[in-house]
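Trainee: Give me coordinates for this.
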Amino acid sequence: MNRDQSEQPRASVQPQAVRRVVLPSGRTIEVVHFSDAQADDRVLCDCPACGSDLVQPLAWSQTADGRWNLLLECPNCRRSEAGTFTRTQVERLEDHLDDGLTAMITELQQLTQANLVAAVERFVRALEADQILPEDF
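Mentor: Prediction:
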């Protein structure tokens, strides 16, 4: 690669999105977001600080270009992060959260079933031991 090719500005290679932001002072600034193919590979549910896969969104809003502004927090180390992420990243995060919800519901159903079985067994033992009287009803 010759010197001229290596000194090309990155903005000409990567697509970008420009957003105008009006500050409280009334001044307007332009925020330029450069797409980075590697940024799209990041898994949002994984905490970069402690490695937990329980990172969850606390707040979100969609941008004009289809990306998402998220406020993420790790419940283990309390690390929080605000950023703009691609639709693909957010969909992967949603899938992970849906899988977690499904697992929690399944475990709740199993626990409810086990508690019900234990209650019925206690009731049957009490009946067999004549510990339940008509006055109990």
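
Trainee: Who are the packing partners of the helix or strand containing residue 88?
Mentor: Element membership of residue 88, judged by DSSP states H and E, is helix 87-128. Applying 3 or more C-beta pairs under 8 Å, 6 or more residues apart in numbering; DSSP states H and E, we find helix 87-128 packed against strand 56-62, strand 68-73. In short, each C-beta sits where N, CA and C put it, glycine included.

Trainee: Can you say which of those strands is nearest to residue 133?
Mentor: Counting by C-beta to C-beta, residue 133 lies closest to strand 56-62 out of the helices and strands packed on helix 87-128; the figure is 50.9 Å.

Trainee: List the buried residues of that closest one.
Mentor: Across strand 56-62, burial judged by 16 or more other C-beta atoms under 10 Å covers 56-57.

Trainee: again, but for stretch 82-89
Mentor: Buried positions in stretch 82-89, judged by neighbour count with 16+ other C-beta under 10 Å: 84-86, 89.

Trainee: Adding distance to residue 49 and pLDDT, write those out as TSV.
Mentor: Shown next, in TSV, are those (distance: C-beta to C-beta, whole Å; pLDDT from 0 to 100):
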residue	distance to residue 49	pLDDT
84	20	94
85	18	95
86	22	94
89	18	95
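
Trainee: Report the distance from stretch 61-70 to the chain centre.
Mentor: Its chain's C-alpha centre and that of stretch 61-70 lie 15 Å apart, by C-alpha atoms, centre = their mean, to the nearest Å.
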